[in-house]
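Enquirer: sequence plus the predicted model coming up.
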Amino acid sequence: MATANTEEEKSKSEQQKNHGGGGGFTRWAVLAVIFRLILIYFPGNLNLSSRPEVSTPLTSIRRLAEGYWLKQSSMSPYAGSMYHGSPLLLSVLGPLTVKRTILTYSVANAELKGSLVTFYADLISGILIRATGWKLQMTYRKSLKSLNLLNKSTDSGGLSSGDIAALVYLWNPFTIVACVGLSTSPVENLFTILTLYGAATGIAPLAAFGWVMATHLSLYPAILIIPVILLLGYGPDAPPSKLFRSKENGKVGDDTSSQDIIFSWGRVLHLLVWTSMWSVYVLVLCSISVKQHSSLQEMFQRTYGFILTVEDLSPNIGVLWYFFAEVFDFFRDFFLIVFHSNILFMILPLAIRLKHRPCFLAFVYIAISSMLKSYPSVGDPALYLGLLGLFLDELADMQFSFFLFCGYVGVSLLSPVMHNLWIWRGTGNANFYYATAMAYACFQIVLVVESVSSMLNHDRKLMKLSASKLQK
Amino acid sequence: MRSKLPDAASSRKMAASSAVVAILASIWLCSSIAADASGSSSETTMHTNNWAVLVCTSRFWFNYRHMANTLSLYRTVKRLGIPDERIILMLADDMACNSRNKYPAQVFNNENHWLNLYGDNVEVDYRGYEVTVENFLRVLTGRHESAVPRSKRLLSDEGSHILLYMTGHGGDEFLKFQDSEELQSHDLADAVKQMKEKHRFKELLIMVDTCQAATLFNQLHSPGVLAIASSMKGENSYSHHLDSDVGVSVVDRFTFYTLAFFERLNMYDNASLSRLFNSYDPNLLMSNAYYRTDLYQRNLQEVPVTNFFGSVMETVHTDSAYRAFPQKNTPRETRIRTGNTAEDDSRRSILTDMTKAECPFTRIVSSLESKMETVGNLDSLVNYGLVMILPVLVVSVWLST
């Protein structure tokens, strides 16, 4: 008991030591905030909200404004296939898209108001990532200590992984572009991160709320229910349970408490109850919101149905538009099923292999779904690159990291150029642009594969280390 | 023993009579069902809109008066409320900008030149060489090619009252189109019969101002058609007066007196058709205006002229927002004045009776919905709901830690 207390004190003192590195964090965070505010106050959002990378049919703020105007004109907001998002988002963001002048001071620059919402969403997301990172790192240290593998070298001394992840998220040019360009993806990312934070800290209602809202806004976070259940059941990321069992078998009569990882069904049940309650609440609110001129069925058809059937084939950074522009109608359903089940088939094997690391599993799911989703935008790499920063300790030995970094930089520079060549100058064609989209998908695949393999290598290394320690 | 035979006989008789009764009843049932199902007769559909098809079948400068007739009637019909979307105007349209016209872009129907009929607001749907018998019959029957725009189609339905006005040169059972074709009375009767089959009108008023106009109606058989002509067989229809400035006759007598009748009216007058028909004086017309009512069931004294020549809708102003798509359960807020409002009220009450549900769940849901109707602003409810999320979340988080 006494040793446990001293362990807690030790971790707290380590945390306070990291606060010295926290000074560096606050400096960089404040700089990121100031940089965003400068960019937001630039006139005309730097024309970012009209780029296909930022505004897809799901995330475009102009479509949201159109949907809000339709609702104000007593028509269904889904009329005319412009708006395909949630009606609750209409009530929240809709009034911000209307230009109004208060007295003589036109404080109501519509784009400015919209930017501030995404700005706050990003800020809260950064804070939540940092808190999740702290929690993960605490659990990591505790599990390493219980395996007697913790040594001074693992203490980085600088910024902790949570701080780095938050800084990566805030300074990521993708996030900044999504924020300034007024897409709704920062709001979706906020709810996904809220889900992960709630699950990592074990607060079931928070996780349930985040998951329900994230699924409601865009369909794909629905697969995150599995990592959330695993997070609440097993706890945050830890080395494989084999290590702890072998340790128990090895050392008998040890003082440290056995880290017997049992799956706590109580918390999962708690989560499911809260999920159903929040989803009923959200559905009731939606049905009230769409009652006058539309119906719940139309809402589902125009949001989830639109996402699943890929009705809009305007170019984006994904791989689906070009493919579905040339597929024959007879095979269209078949290929829709192929593309969507490509995400679904990955769920089970990854869940089996990575069930001891549910946060990392969530990262992998997010990366896969952002590769294969119907309308990817620039907010998706913003999310998973931020989450990648949470696992820097484990992924320190990732291969091809420089290659991937250069690849991402190259694609993000070339893709707008190819788009310009194709659409505005007419000297290129769709293949130019689609080539960059395919290259981007390749880089994402390499990222996912390499991160999973380096995580598994890290686990094997831990097993080897603990085996060697046991032999001693 | 004795009782058996009469029993058998009587039972057989009873069986036979019951069989006969059953057969008769089934026949009557079938016929009533057929009568109900065989498209609505004009008594059961509601009068919903008014259309006007105004045709001038002459061209050339010396037929100025025919175009003036049609344009005067166009102006009258518009003044009394029918909008351009529901008027099909077919003119040769070569008068206003004719090189012989001393008053360019102006068409008058009176020598006092008080009214310019060819003002800013004239929408001609078929002009020049498009005014052919084929196009006229296509307009009436609705059988157009797919490229024909909606403004050139007669988009009437089974609740429409249509005014068909034709003027030009005619004769015994024919009407001359653009000096090259003829429309014969059986063509017109066929077209009207097709319209009736396709439920393209509830009531049709045909008004023809040509020589021997009444012969054009000889072949009409369809119910719901009222026809009035400017002259009978063997009589000519004459022009009213010559405008010495323009150089041609500017209006025909029949149309002149029709217009004189309508100039005294506004949209809300309920002068009856019988008053219109009786206003024609044969001495003034120099011909006998003939009207045919055998195909028309209603009493002419009860039918207001605005049923055909105008378009009147009674509206009730409300403060709630205009709803583009009408709801099934909300009460109607606009009322259209029809001939029989009592029938409509009873029909509406039948509808509301049918929507009463038996199941308690649906009753709860419907009571919730009715309560939400009275809440008024659903948006504020949604906003409250959204704002309530935050304290609920905070409380739940606090409870679970």
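Expert: Perfect, thanks for sending it.

Enquirer: C-alpha only now, for contacts and for neighbours.
Expert: Noted.

Enquirer: run a quick neighbour tally on B:Asn236.
Expert: 21 (other CA atoms under 10 Å in any protein chain shown).

Enquirer: please read the previous query as pertaining to A:Leu348.
Expert: A:Leu348 is flanked by 11 other residues according to other CA under 10 Å.

Enquirer: for it, give me the pLDDT.
Expert: We note a pLDDT of 95 for A:Leu348 in this prediction.

Enquirer: tell me which element it is part of?
Expert: helix A:329-353 (DSSP states H and E).

Enquirer: next SSE downstream of that helix?
Expert: The helix or strand immediately downstream of helix A:329-353 is helix A:358-372, counting by DSSP H and E.

Enquirer: where's the closest residue to A:Leu392 other than its chain neighbours relative to chain B, distance?
Expert: Computed as CA to CA, 6 or more residues apart in numbering or on different chains, the closest residue to A:Leu392 that is not its neighbour in sequence is A:Ser161, at 6.3 Å. From A:Ser161 across to chain B, the span is 25 Å (CA to the nearest CA, to the nearest Å).

Enquirer: how about the contacts made by A:Gly23?
Expert: For A:Gly23, the contact set (CA atoms under 8 Å, 6 or more residues apart in numbering or on different chains) is empty.

Enquirer: pretty sure it is in a helix, no?
Expert: Yes - assigned with DSSP: H, G, I helix; E, B strand; the rest coil, A:Gly23 falls within a helix.

Enquirer: I'd say A:Tyr440 and A:Tyr408 touch.
Expert: Yes - using CA atoms under 8 Å, A:Tyr440 is in contact with A:Tyr408, at 7.2 Å.

Enquirer: those two: which is more packed in?
Expert: Neighbour totals were compared for A:Tyr440 and A:Tyr408, and A:Tyr440 leads with 22 against 17 (other CA under 10 Å).

Enquirer: picking up where we left off before, got the angle for the helix holding A:Leu348 vs helix A:358-372?
Expert: Calculated by axes from the mean of the first three to the mean of the last three CA atoms, to 10 degrees, helix A:329-353 forms an angle of 160 degrees with helix A:358-372.

Enquirer: what's in contact with helix A:329-353?
Expert: A:Ile223, A:Ile226, A:Pro227, A:Leu308, A:Thr309, A:Phe324, A:Leu361, A:Tyr365, A:Ile368, A:Ser369, A:Leu372, A:Lys373.

Enquirer: please identify which pair of those lies farthest apart.
Expert: The distance between the two most remote of the contacts of helix A:329-353 (CA to CA) is 31.1 Å, for A:Pro227 and A:Phe324.

Enquirer: which of the two has more neighbours?
Expert: Neighbour count, other CA under 10 Å: between A:Pro227 and A:Phe324, A:Pro227 has more, with 27 against 18.

Enquirer: count of residues packed around A:Val327?
Expert: Using other CA under 10 Å, A:Val327 has 12 other residues around it.

Enquirer: next one: phi and psi at it?
Expert: Main-chain torsions, A:Val327, degrees, to the nearest 10: phi -80, psi 150.

Enquirer: okay, it: pLDDT?
Expert: On pLDDT, A:Val327 comes in at 92.

Enquirer: quick one: it and A:Phe334, what's the gap?
Expert: 10 Å (CA to CA, to the nearest Å).

Enquirer: near chain B at all, stretch A:216-226?
Expert: No - shown here: stretch A:216-226 not in contact with chain B (CA under 8 Å from any CA of the partner chain), separated by at least 14.0 Å.

Enquirer: can you list the buried residues in that stretch?
Expert: Neighbour counts using 16 or more other CA atoms under 10 Å in any protein chain shown place A:His216, A:Leu217, A:Ser218, A:Leu219, A:Tyr220, A:Pro221, A:Ile223, A:Leu224, A:Ile225, A:Ile226 of stretch A:216-226 among the buried residues.

Enquirer: now, those residues that are in helices?
Expert: Using DSSP state H, the subset of these located in helices is A:His216, A:Leu217, A:Ile225, A:Ile226.

Enquirer: quick one: the third one from B:Leu54, how far?
Expert: For A:Ile225, the distance to B:Leu54 (CA to CA) stands at 69 Å.

Enquirer: can you point out the buried residues in the helix or strand A:Ser279 falls within?
Expert: Taking DSSP H and E as the criterion, A:Ser279 maps to helix A:265-289. By neighbour count, with 16+ other CA under 10 Å as the criterion, the buried positions of helix A:265-289 are A:267-268, A:270-272, A:274-275, A:277-279, A:281-282, A:285-289.
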